[in-house]
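# Build me a model:
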Amino acid sequence: MRIGIVLAALSALLPAAALAAGSHSGGHDEMMAIGKPGANAEAGRTVDIVMAEKDDGAMVFEPAVLEVKAGETIRLKFTNKGETDHEFVMDTNQAVLEHKAQMEKFPEMEHADANALRLAPGASGEIVWTFAHAGDFTFACLIPGHYEAGMKGDITVAR
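Sure, this is the predicted structure:
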């Protein structure tokens, strides 16, 4: 009887523990509204993106606007030139804002999604992505306080 109560209590805690450990929706090769992971060999161009803080306290992506064509596969190369960790998450505006709310609850959340990465100061990384659908999308750093400091941008995917 006692073991059953303990197991029931533990199972009630597991969803919260999974979120705190960094699990969230989105698979590695799953088609999303913004597209899907691309193959290295298919990348037609590379866009270099710098993550940084400014002297006035602002946090930025440079560039903060990306323009691509539907069906285009791009290599996004990131360098964190800042003094703190930064991340990049791209999706629909609604999905980014929902993810932002989760990050506020679980600030140490680790990403395992192909549309996101987190970099320590001085680190670099990349995402190869196929932008499958035309539309307006968003990218942002969702570490608490960074979005509010201006660390966000827009992706326009043209037909």
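# In terms of helix, strand or coil, where does the residue nearest in space to the middle of the chain fall?
In the chain, the centroid-proximal residue (C-alpha atoms, centre = their mean) is Val89; its distance is 1.8 Å. Following DSSP: H, G, I helix; E, B strand; the rest coil, the label given to Val89 is strand.
# ok, Ala52 to Asp136 distance?
In this view, Ala52 and Asp136 are 25 Å apart by C-beta to C-beta, to the nearest Å. Every C-beta, even on glycine, is put in place using the N, C-alpha and C of the backbone.
# Between the two, tell me which one has more neighbours.
Ala52 (18 against 10; other C-beta atoms under 10 Å).
# host element of Lys77?
Secondary structure from DSSP states H and E places Lys77 in strand 72-80.
# Check the offset of that strand from the chain's centre.
Strand 72-80 has its C-alpha centroid displaced from the chain centroid by 13 Å (C-alpha atoms, centre = their mean, to the nearest Å).
# and what of stretch 150-159?
Per C-alpha atoms, centre = their mean, the displacement of stretch 150-159 from the mean C-alpha position of its chain is 13 Å.
# again with stretch 30-42
Its chain's average C-alpha position is 14 Å from that of stretch 30-42, according to C-alpha atoms, centre = their mean.
# buried stuff in that stretch?
For stretch 30-42, the neighbour count (16 or more other C-beta atoms under 10 Å) marks 32, 34-38 as buried.
# again with stretch 59-75
In stretch 59-75, counting by 16+ other C-beta under 10 Å, buried: 59-61, 66, 68, 72-75.
# cool, stretch 98-117 as well?
99-100, 103, 106, 109, 111, 113-117.
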